[in-house]
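> coords please:
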Amino acid sequence: MNKIWLIMQREFLNRVQKKSFLIATILVPLIFPAVIGVMAFILMKQEKSASISVVEVLDESGKMSFENSSRFEFVTIQGTLEHAKTTYTESSHFALLYIPDFDLSKPEGMTLYSKENPSIRKIDELESLVEKRIHDLKLEQFNIDKETLKSLKTSVNLKSVNLSATGEEKASNSTIFYILGFALGVLIYMFVLIYGMQIMLGVIEEKTSKIVEVIVSSVKPFQLMMGKILGIASVGLLQFSIWALLIGVLSTAAMSLFGLNMPQQQAMEQVMQQMDDPEMAEAAKSNEKIMNIMQSISDIPYTYIVFNFAFYFLGGYLLYGALFAAVGSAVDSQQEAQQFTFPITMPLIIAYFGLFMFILNEPDSTASFWFSIIPFTSPVAMVGRLGYNPPLWQLILSQVLLIGGFVFTTWIAGRIYRVGILMHGTKVNYKVLAKWFMMKN
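Numbering: from 1, shown residues only. Next up, the predicted model:
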C-alpha cells in the first residue's frame, strides 16, 4: 500500500507542478466567461451598427401591407415580375418579395428573391411578418375582433410542489432540474474521457521510454497501475475543486465590484420590495414564475449534489481508468490504441445519448433506472437524475454496483497490465489480450 501511495504521489506532483496544469486550471474559469462576454459584446455592437434591410414588395394580390421596423424597410413597387427583377438587380436593396394573388385558405407562390444567400434569421423574420398579415386578413374575413381573440388566450402557470410522506411541501421546478442534470451529466462524460485518456497516454509514454522497466523492478505492475490511476484522479478532483471555487469567487467579486447582488438574491429583494408596496403587489404576482425559479435554485441541496457528483466522478473515472491503463500497457503507440478505445468508451457514449433521449425527459422510467444501475452507464445517468431526487435505495444500489464494477474492471485490467507493460513490438489484438488475461503468474 505504501508503494501505491508513493506512485500516486509521484503522478500527482508530476502533473500538478507542470505549467500546463497551472495555466489550464487558472485560465479555464476565466476563458469561458471572457469568450461569452466578448461574443455578447460583439453581437450587441453588430445589432446596433446593422443597417436596415430594404425589401421591395411586389404585391399582385393587393392584400398585403407591412410596417417598417428597425430591421426592415418595405418599398412597394408596381409592374410585372420580370420588370421588378430587372429593377431589383440594378439596385442595392436587400431582397425582392413577390406575392401573387393567393387564396387565404391556402397561400402559395410567395417568393423571396435575393442577390446573396440571406441568413436564416432574416428569412424567419420575413416569414413571420407574412404569416402575421395573413392571420389578420383571416380574422377580418370571419369578422373576428383582434382584442376579442386576444382576450380568449389564457396563460396558466402550474406551480409544481413536491409532497413528502410527512406532508412537507417543497417547491419544484423541472426546468432547473433538467439544466442541472444536463450540466452534471456532460461534465462527468467529459472528465471521465479526458482523464481516462491521460492515463492511457501516460502508460504508453512510460512504456515506450523504458522508464516502466526500471519502476517495475521495485514495485509490482498492479501497484504501478493503481498508483497511476489514483494519482491522476487526485489531479482531476483538485482541478475541478479549484474551478468551482474560482468561478464562485470571481462571480461574487464581479457582482460586488459593480454593486450588485447575486441574481437570485437581487430578484428576491426586488420582489419583497414590491410586496411591501400595496400599489406594486398586483404587479408582483406576474413575477411568480420567476420567484418559483429562484426559490427552486435556492432549495437545491448543493451538499447532496456535490457529494454524489464527486462519488460518480471518482467511481466512473476509476472504472474506465483501469481499462484505459490496460489498453495503454498493451500497445506501443496511440495509433495502435484506437482499435481498443472505442469499445471501452461505447457504453459512456450510449449513456451520453441516453441522457438527452429519455433520462432527463423521463427520469423515473424503466430505461432511466437501468441506465442508472449498470456501472458502465451509471456515472452519467444517475448524475443526470440527481436533481430529480431519485429514490434512496436506487442511489445506494447504483453506488454499490459502481464500486463492484470498479473492482471488476481493475481485476481484469490488472491481469492484462502485468503482462502487457513489459511487452514490446507485439502485434496486439483481442485474442492476444485474452491470452494475457488467462496467463498464470
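> Would you map the helices across the stretch 301-441 of the chain?
Listed in chain order, the helices of the stretch 301-441 of the chain (DSSP state H, counting those that start in this stretch) span 302-330, 334-354, 366-373, 378-385, 392-420, 430-438.
> so which of those helices comes closest to L43?
In terms of C-beta to C-beta, the element of the helices of the stretch 301-441 of the chain nearest to L43 is helix 334-354, at 29.5 Å. Just so you know, the C-beta spots here come from the backbone N, C-alpha and C atoms, and that holds for glycine as well.
> Could you pull out the buried residues of that closest one?
Using 16 or more other C-beta atoms under 10 Å as the test for burial, helix 334-354 gives 337, 340-341, 344-345, 347-348, 350-352, 354.
> What is the nearest of those to K18?
A337 (22.4 Å).
> Quick check, pLDDT for the closest one.
Confidence at A337, expressed as pLDDT, is 83.
> Over to L433?
Looking at L433, its pLDDT stands at 86.
> do N308 as well
Per-residue pLDDT puts N308 at 90.
> how near is E116 to A95?
Distance, E116 to A95, using C-beta to C-beta, to the nearest Å: 10 Å.
> I42 too?
Distance of I42 to A95, computed by C-beta to C-beta: 25 Å.
> So between these two, which is more surrounded?
For I42 versus A95, the count of surrounding residues by other C-beta atoms under 10 Å is larger for A95: 21 against 10.
> Phi, psi for V55 please.
Reported as degrees, to the nearest 10, the phi and psi values for V55 are phi -120, psi 120.
> hang on, it packs against V75?
Yes. If you go by C-beta atoms under 8 Å, V55 and V75 touch, sitting 7.1 Å apart.
> so what sits against both of these two?
H93 (C-beta atoms under 8 Å, 6 or more residues apart in numbering).
> Can you show me the strands along the stretch 51-200 of the chain?
With DSSP state E, counting those that start in this stretch, the ranges of strands along the stretch 51-200 of the chain come out as 53-59, 72-77, 95-99, 111-114, 160-163, 169-172.
> With mean pLDDT and distance to R415 added, can I get the ones you listed in CSV?
As requested, the strands of the stretch 51-200 of the chain are exported to CSV (pLDDT from 0 to 100; distance: least, C-beta to C-beta, whole Å):
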stretch, mean pLDDT, distance to R415
strand 53-59, 92, 68
strand 72-77, 92, 70
strand 95-99, 93, 68
strand 111-114, 92, 66
strand 160-163, 64, 47
strand 169-172, 61, 48
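> Could you say which of those strands is packed most deeply?
strand 95-99 (a mean of 21; mean count of other C-beta atoms under 10 Å).
> okay, that strand in PDB with CA atoms only?
What follows is strand 95-99 as a C-alpha-only set of coordinates in PDB (Å, rounded to 0.1, in the frame of the first residue of the first chain):
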ATOM      1  CA  ALA A  95     -34.400  41.500 -51.400                       C
ATOM      2  CA  LEU A  96     -37.500  41.400 -53.600                       C
ATOM      3  CA  LEU A  97     -40.600  39.900 -52.100                       C
ATOM      4  CA  TYR A  98     -43.100  38.700 -54.700                       C
ATOM      5  CA  ILE A  99     -46.600  38.000 -53.600                       C
END
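> could you list every residue that touches the residue sitting furthest away from the middle of the chain?
Most distant residue from the mean C-alpha position of the chain: G79, 52.7 Å away (C-alpha atoms, centre = their mean). Residues counted as contacts of G79 (C-beta under 8 Å, 6+ apart) are 58, 87.
> State the distance from it to P391.
As for G79, its distance to P391 is 72 Å (criterion: C-beta to C-beta).
> And the strands of the stretch 51-200 of the chain: which comes nearest L13?
Across the strands of the stretch 51-200 of the chain, L13 has its closest neighbour in strand 169-172 (45.1 Å, C-beta to C-beta).
> okay, and for the stretch 101-250 of the chain, where does confidence drop off?
Applying pLDDT under 70 to the stretch 101-250 of the chain picks out residues 156-174, 247-248, 250.
> In it, mark out all the helices, start to finish.
So, for the stretch 101-250 of the chain - with DSSP H, counting those that start in this stretch - the helices run 120-141, 146-152, 174-208, 211-215, 221-257.
> Tell me which of those sits most buried.
Sort the helices of the stretch 101-250 of the chain by mean neighbour count, taking mean count of other C-beta under 10 Å, and helix 174-208 sits at the top with a mean of 19.
> What is that one packed up against?
For helix 174-208, the packing partners by 3 or more C-beta pairs under 8 Å, 6 or more residues apart in numbering; DSSP states H and E come out as helix 211-215, helix 221-257, helix 288-298, helix 302-330, helix 334-354, helix 378-385.
> For stretch 233-242, which outside residues touch it?
8, 11-12, 15-16, 21, 24-26, 191, 195, 310, 313-314, 317-318, 321.
> same thing but at 10 Å, please
8-9, 11-16, 18, 21-22, 24-26, 28-29, 187, 191-192, 194-196, 198-199, 306, 309-310, 313-314, 317-318, 321 (C-beta atoms under 10 Å, 6 or more residues apart in numbering).
> Of the residues you listed, grab the buried ones for PyMOL.
This is how PyMOL selects the buried members of the contacts of stretch 233-242, with burial counted by 16+ other C-beta under 10 Å:
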select buried, resi 8+11+12+15+25+29+191+192+195+196+198+199+309+313+314+317+318+321
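> Enumerate every residue touching L126.
The contact partners of L126, taken as C-beta under 10 Å, 6+ apart, are 53, 55, 66, 71-72, 74, 94-95, 97, 110, 112, 118.
> how close does M439 sit to V57?
80 Å.
> wait, L318
65 Å.
> Please apply the same query to E125.
Relative to V57, E125 is positioned 15 Å away (C-beta to C-beta).
> same question, N143
The gap separating N143 from V57 is 27 Å, by C-beta to C-beta.
> right, and the helices of the stretch 301-441 of the chain - which one's nearest L137?
Closest of the helices of the stretch 301-441 of the chain to L137 is helix 334-354, at 44.9 Å (criterion: C-beta to C-beta).
> What angle do helix 366-373 and the closest one make with each other?
Between the axes of helix 334-354 and helix 366-373, defined by axes from the mean of the first three to the mean of the last three C-alpha atoms, to 10 degrees, the angle is 140 degrees.
> Tell me what angle helix 334-354 forms with helix 302-330.
Here helix 334-354 points in a direction 150 degrees away from that of helix 302-330 (the same axes, to 10 degrees).
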